[in-house]
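1. Starting from these lines, generate the structure:
(chains A and B, ligands or ions: 3)
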Amino acid sequence: MLSKSQARAFFLGGTILTFAVFIGLSWHTLSIEVPKKTNEQNLTQQVINGKHLWEANNCMGCHTILGEGAYYAPELTKAYERRGEAYIKAALMSKEPWSPRGRKMVAYAFSEQDANDLTAFLKWIGETDLNGFPAKPKYKSTVNPSK
Amino acid sequence: MKFKSQKVAYWFFALSMLLLTLQLVYGFIMGFAHMGYDGLHDFIPFNTARAVHTNLLVVWLLSGFMGAAYYIIPEESEHELVNVKLAYIQLITLAIVGVIAIIGYHFNYWEGRKFLEIPRPLDWLVVANVLTFLGIILATLYKGKKRTTTALVMTMGLVFAALLYLPGMIWFDNQTMDSFFRWWVVHLWVEGVWELIMGGILAYLLIKITGVDREVIEKWLYVIVGLTFISGILGTGHHYYYIGAPKYWLLIGGIFSALEPLAFLAMALFALAMYRKGEKNHPNKLALNWTLGTAIVSFVGAGLLGLAHTMPQVNLYTHGTLVTAMHGHLAFWGAYGMIVLAIITYSMPNMTGRKLYNTVNGSLAFWLSNIGMIGMTVAFGVAGVAQVYMERIMGVEFGDVQKEIQIHFAILIICATMFSVGIGLFIYEFLRYGQPNDEALIKE
Ligand code: HEM
Ligand code: HEM
Ligand SMILES: [Fe+2]
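-> Numbering: from 1, shown residues only, chains lettered A, B, ... in the order given. Ligands and ions are numbered 1, 2, ... in the order given. Take a look at the predicted model:
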């Protein structure tokens, strides 16, 4: 039967090996693939300002982005494509809690400039290559009945 | 209790129970908001409630782990904690940092990154606090007579948990990179190093409660934590499928994360086998319930419900929906909530000298909280699956779907009430024990 020292060798060996592979792949992902898949050349100062606002207000506490966050409000990775600039800016600049479908957003009443920055951030992230997420629904969408 | 300094654990457990209570309050606020009753929106918007709920969770678990370490390490190393006063200072500063963070969340003072909302200046206080804690534990181990595998595995878990907090403190302009490193904290914590802490506490409890030979238990502990890391490190890839990382993570993350349940299965089989092998005459039957319970419920919540959405083909549809909340609740509860309640149930009679073994309230606390949590998991699950089919497969608008699934949150609230009654009884029993005292020394 397995002895304690063999069990320890299994633990240490397995950990070191998988960790080394993980670090190697992470390095490849971050230095080569992510800049391409996220179009890093489009990461302008305006987009970065938008990301600052995104974090400072914890939008992720209601919404998901890249599928991460809270499940209270719509996933926003494709919000720009889905709603367009004017709609998004209306939501962000509204002085009343934005809630066309009943559930309330915080009434941020952002300035025009802040709203532009956040919109630029959403536009940029919408162009990221997400390996097919979110999947296209199999049936006719009610998201944008005009289409 | 064999060492005077073990008493400090009591206060960490007390802090833990206080924060747990508050966590539940904010859980109810969100449950009602999902049902359409968002009357508190102007004062406590959903994102505030959520940040408070999840951060309180992490802090009460950490406080519980720290208490567990302060209780277990002196006994395992046969040495008093090197500096008890410092341990109390560490307790108080932990509470203060926690309170400042929670208050800040009510005034838009945070960093909008799920689970890592603590603003960076406060992060440094957390780091200082954890370093103090680790200093006390490591110095005690160093001076102690023995260094057991149980103590080493647990300490290794705590040290790695502290190290892994650091990647979460780096700022990135690119959201994908931010997310990439956020998982080094979140995933590598719960599906990596926290399992070492859990495994260490579990091994300690099994040694004490079943009386099975330490060599046998610790051998299997190595196998379990080996399985954890071998599957869990590359399993991080299951969070890299759809965030702007390359496609090879679909393969690597899919395969390795599908192996992760093995570690939890091993933990459950191990606990049951040791129970069957051991003597069945330890008087603290409630501690045994919680110990075996954590091994089993963690396998269901983390292992099986994790497996349910970890394949890339499934995750493409379930990613970022209420299905994730379903799994998050039972996994956190089974693995980490229950292990903290297990060590509390085991240690309280030893620290206070009051032998409130096997009370009716204690049993009710166990069963109500567990059945309530399973009910909550089902409610989240039904809501989540309905959401996935309507929104992601049929293409129904998000807001319309949410209206359709409101009813499941009524069920959630009912089950959450049952769960909370269980927790209430647990805390009532905790208070009934009173404070620890020196007369309890060696009386066990
Ligand atoms: C009174 C009982 C509770 C209620 C009503 C409740 C309700 C909720 C709700 C509504 C959410 C937010 C989901 C969303 O983003 O829309 C949430 C999140 C969460 N809760 Fe609870 N909760 C309760 C107790 C607990 C307990 C005891 C734990 C842990 C042991 C826990 C762990 C979590 C976690 C980890 C999340 C984040 C989930 C994720 O991001 O996927 N909750 N809870
Ligand atoms: C005790 C161990 C575990 C805990 C506490 C836990 C908890 C959680 C939480 C809170 C999340 C949401 C995280 C976030 O979005 O920031 C999550 C996500 C996830 N977990 Fe776990 N988990 C555990 C183990 C596992 C295991 C063993 C598996 C796989 C077999 C698994 C599979 C997943 C997957 C695939 C997601 C991503 C869901 C999504 O795409 O939205 N988990 N887990
Ligand atoms: Fe994970």
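2. Which of the three states applies to the residue nearest the centre of chain B?
-> Closest to where the C-alpha atoms of chain B average out (CA atoms, centre = their mean) is B:Y336, at 3.0 Å. Assigned with DSSP: H, G, I helix; E, B strand; the rest coil, B:Y336 falls in the helix class.
3. Could you find the closest non-adjacent residue to B:I170?
-> For B:I170, the nearest residue in space outside its immediate sequence neighbours is B:F181; the separation is 6.4 Å by CB to CB, 6 or more residues apart in numbering or on different chains. Using the backbone N, CA and C atoms, a C-beta is placed for each residue, glycine as well.
4. I figured that neighbour hits B:W171, correct?
-> No. Look at B:F181 against B:W171 with CB atoms under 8 Å: they stay out of range, at 10.2 Å.
5. Tell me which of these two has more neighbours.
-> B:F181 (19 against 11; other CB atoms under 10 Å in any protein chain shown).
6. buried ones in stretch B:96-106?
-> Of the residues in stretch B:96-106, those buried under the neighbour-count criterion (16 or more other CB atoms under 10 Å in any protein chain shown) are B:97-98, B:100-102, B:104-105.
7. ok, and what's touching stretch B:81-88?
-> If you take CB atoms under 8 Å, 6 or more residues apart in numbering or on different chains as the criterion, stretch B:81-88 is touched by B:3-6, B:8, B:11, B:70, B:73-74, B:132-133, B:135-136, B:139-140, B:143.
8. so where is the chain shaky, pLDDT-wise?
-> Here I'm looking at chain A. In the predicted model of chain A, residues A:141-147 satisfy pLDDT under 70.
9. I was after chain B.
-> Across chain B, the stretches falling below the confidence threshold (pLDDT under 70) are B:443-444.
10. Look through it and state the residue closest to chain A.
-> Nearest to chain A, among the residues of chain B, is B:N47, at 2.4 Å (CB to the nearest CB).
11. Skipping adjacent residues, who's closest to that residue in space?
-> Of all residues beyond its chain neighbours, the one nearest B:N47 is A:G61 (2.4 Å), with distances taken as CB to CB, 6+ apart.
12. Tell me which residues touch that neighbour, please.
-> Taking CB under 8 Å, 6+ apart as the definition, contacts of A:G61 comprise A:69-70, B:45-48, B:50-51, B:112, B:114, B:117.
13. do that again at 10 Å, thanks
-> When the contact criterion is CB atoms under 10 Å, 6 or more residues apart in numbering or on different chains, the partners of A:G61 are A:69-70, A:72-73, A:106, B:45-52, B:54, B:105, B:110, B:112-114, B:117.
14. Just those: which are in strands?
-> For the contacts of A:G61, the ones inside strands are A:G69, with DSSP state E as the criterion.
15. Go back to the contacts of A:G61 and keep what's next to ligand 1.
-> Restricting the contacts of A:G61 to those within reach of ligand 1 (CB under 6 Å from any ligand atom) leaves A:70, A:72, B:50, B:54.
16. can I assume the third one is in contact with B:H34?
-> No. Using CB atoms under 10 Å, B:R50 makes no contact with B:H34, being 11.1 Å away.
17. show me the contacts for the residue nearest to B:I170.
-> Shown here is B:F181, whose contacts under the criterion CB under 10 Å, 6+ apart are A:26, A:30, B:113, B:116, B:166-170, B:172.
18. touching ligand 3 at all, the helix or strand hosting it?
-> Taking DSSP states H and E as the criterion, the element that holds B:F181 is helix B:175-188. Yes. Under the criterion of CB under 5 Å from the ion, helix B:175-188 makes contact with ligand 3 via B:H187.
19. Just the CA atoms of stretch B:282-290, as CSV, please.
-> Output of stretch B:282-290 as CSV, limited to C-alpha atoms (Å, rounded to 0.1, in the frame of the first residue of the first chain):
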residue,chain,number,x,y,z
HIS,B,282,-16.6,10.4,21.5
PRO,B,283,-19.3,12.3,23.4
ASN,B,284,-19.5,15.3,21.1
LYS,B,285,-21.9,13.8,18.5
LEU,B,286,-22.8,17.3,17.2
ALA,B,287,-19.2,17.9,16.2
LEU,B,288,-19.2,14.6,14.4
ASN,B,289,-22.4,15.6,12.5
TRP,B,290,-20.8,18.9,11.4
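20. quick one: contacts of it?
-> The contact list for stretch B:282-290, computed with CB under 10 Å, 6+ apart, reads B:205-206, B:208-211, B:271, B:275, B:278, B:280, B:291, B:297, B:338-350, B:355-359, B:361-363, B:365-367, B:370, B:426, B:429, B:444.
21. Tell me which residues of that stretch come out buried.
-> Of the residues in stretch B:282-290, those buried under the neighbour-count criterion (16+ other CB under 10 Å) are B:284, B:286-290.
22. Now secondary structure and distance to B:G192 too, for the residues you listed, in TSV please.
-> What follows is the buried residues of stretch B:282-290, written out as TSV (DSSP: H, G, I helix; E, B strand; the rest coil; distance: CB to CB, whole Å):
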residue	secondary structure	distance to B:G192
B:N284	coil	30
B:L286	helix	30
B:A287	helix	26
B:L288	helix	27
B:N289	helix	27
B:W290	helix	23
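23. With respect to B:I255, which of the residues you listed is nearest?
-> Taking CB to CB as the measure, B:W290 is the one of the buried residues of stretch B:282-290 closest to B:I255, at 33.6 Å.
24. pull the longest helix from chain A.
-> Selection of the longest helix in chain A by residue count, based on DSSP state H, yields helix A:4-28.
25. Hey, what's the angle from it to helix B:175-188? Just curious.
-> Comparing the axes of helix A:4-28 and helix B:175-188 via axes from the mean of the first three to the mean of the last three CA atoms, to 10 degrees yields an angle of 170 degrees.
26. Pull out the buried positions in helix A:4-28.
-> Taking 16+ other CB under 10 Å as the criterion, helix A:4-28 shows A:4, A:7-8, A:10-11, A:14-15, A:18, A:22, A:25-26 as buried.
27. Also stretch B:329-337?
-> B:329-337.
28. Can that stretch be said to contact ligand 3?
-> No. Residues of stretch B:329-337 are not located near ligand 3 by CB under 5 Å from the ion, the shortest gap being 9.5 Å.
29. Just give the closest residue to B:L62, not the sequence neighbours.
-> Taking CB to CB, 6+ apart as the measure, B:L62 lies nearest to B:L94, with 7.9 Å between them; neighbours along the chain are not counted.
30. Make sure that neighbour is actually in contact with B:V58.
-> No. Using CB under 10 Å, B:L94 and B:V58 do not qualify as a contacting pair, with a distance of 11.8 Å.
31. For B:L286, see how far away the residue nearest to B:N47 is.
-> Using CB to CB, to the nearest Å, A:G61 is found at 37 Å from B:L286.
32. and the gap between whichever residue of chain B sits closest to ligand 1 and B:T54?
-> Scanning chain B for proximity to ligand 1 using CB to the nearest ligand atom identifies B:G27 as nearest, at 2.8 Å. To B:T54, B:G27 is 10 Å away according to CB to CB.
33. Not counting residues beside it along the chain, what's closest to A:K123?
-> Setting aside the residues directly before and after it, A:K123 is nearest to A:Y80 in space (CB to CB, 6+ apart), at 4.5 Å.
34. quick one: the one you found is in a helix?
-> Yes. Checked against three-state DSSP, A:Y80 lies within a helix.
35. my read: it touches A:I65, true?
-> No. Using CB under 10 Å, A:Y80 is not in contact with A:I65, being 11.7 Å away.
36. Which residues are in contact with each of those two?
-> By CB under 10 Å, 6+ apart, A:Y80 and A:I65 have these common neighbours: A:121-122, A:125.
37. B:A273: what's it in contact with?
-> In this structure, B:A273 makes contact with B:206, B:210, B:212, B:216, B:220, judged by CB under 10 Å, 6+ apart.
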